[in-house]
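> please work out how this folds:
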Amino acid sequence: MKNLSRREREIMEIVYRKPGVSVEEIRADMTQPPGYSAVRVIVNVLERKGHLRHVRSGRKYLYSPTTPRSKALKGALASLLRTYFDNSVHLAVAAMVRLRAKDLSQEDWRQLAEAIERSRKGETR
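The predicted model follows:
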């Protein structure tokens with residue numbers, strides 16, 4: 001989702017959360033939504049750019065992303081690492097843990113340690 005406007009990114013986030021969503025449903029989930037026509041124009045632009053596809057359901061179109069969420073997530077994380085953390089996984093993970101440390105349960109800490117250990121050993125689970 002590189003080079004998308006703020007509104008385009010917001011719409012893509014909504015569509016990833018709720019695939020098969022109408023323009024009106026997208027608009028309802030937006031912060032300070034513009035008018036219906038403006039959202040429709042942005043959705044059409046995203047479709048022309050290849051980020052969205054639609055199916056017809058009665059009188060309305062339902063939109064879904066063209067790229068699987070897992071692939072989009074990898075791209076977003078790679079961009080985040082490059083842009084804010086000088087490609088340092090250590091700095092990124094440390095920042096995320098500091099940001100949410102008080103919200104992490106003992107089980108969360110255990111799962112984080114386990115994921116790090118699996119990755120260190122080259123396991124892909």
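> report the buried residues of the longest helix along the chain.
Secondary structure of the chain per DSSP state H: the longest helix is helix 69-85. For helix 69-85, the neighbour count (16 or more other C-beta atoms under 10 Å) marks Ala72 as buried. Glycine gets a C-beta too; all of them are placed from N, C-alpha and C.
> figure out how far that helix is from the centre of its chain.
9 Å (C-alpha atoms, centre = their mean, to the nearest Å).
> for it, C-alpha coordinates in CSV please.
This file holds the C-alpha atoms of helix 69-85, laid out as CSV (Å, rounded to 0.1, in the frame of the first residue of the first chain):
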residue,chain,number,x,y,z
ARG,A,69,-3.6,-9.4,4.3
SER,A,70,-0.5,-11.4,5.1
LYS,A,71,1.3,-10.0,2.1
ALA,A,72,0.1,-6.5,2.8
LEU,A,73,1.3,-6.9,6.4
LYS,A,74,4.8,-7.9,5.3
GLY,A,75,5.0,-4.9,3.0
ALA,A,76,3.8,-2.5,5.7
LEU,A,77,6.2,-3.9,8.3
ALA,A,78,9.1,-3.7,5.9
SER,A,79,8.2,-0.1,5.2
LEU,A,80,7.9,0.6,8.9
LEU,A,81,11.3,-0.9,9.6
ARG,A,82,12.9,1.1,6.8
THR,A,83,11.2,4.4,7.6
TYR,A,84,11.3,4.5,11.4
PHE,A,85,13.9,2.0,12.6
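> ok, residues contacting that helix?
1-2, 12, 16, 65, 87-89, 91-92, 95 (C-beta atoms under 8 Å, 6 or more residues apart in numbering).
> adding neighbour count and distance to Ser22, write those residues out as a markdown table.
Shown next, in a markdown table, are the contacts of helix 69-85 (neighbours: other C-beta atoms under 10 Å; distance: C-beta to C-beta, whole Å):
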| residue | neighbour count | distance to Ser22 |
| --- | --- | --- |
| Met1 | 17 | 21 |
| Lys2 | 7 | 26 |
| Met12 | 20 | 15 |
| Tyr16 | 17 | 15 |
| Pro65 | 17 | 15 |
| Asn87 | 11 | 39 |
| Ser88 | 12 | 41 |
| Val89 | 11 | 39 |
| Leu91 | 13 | 40 |
| Ala92 | 16 | 36 |
| Ala95 | 13 | 37 |
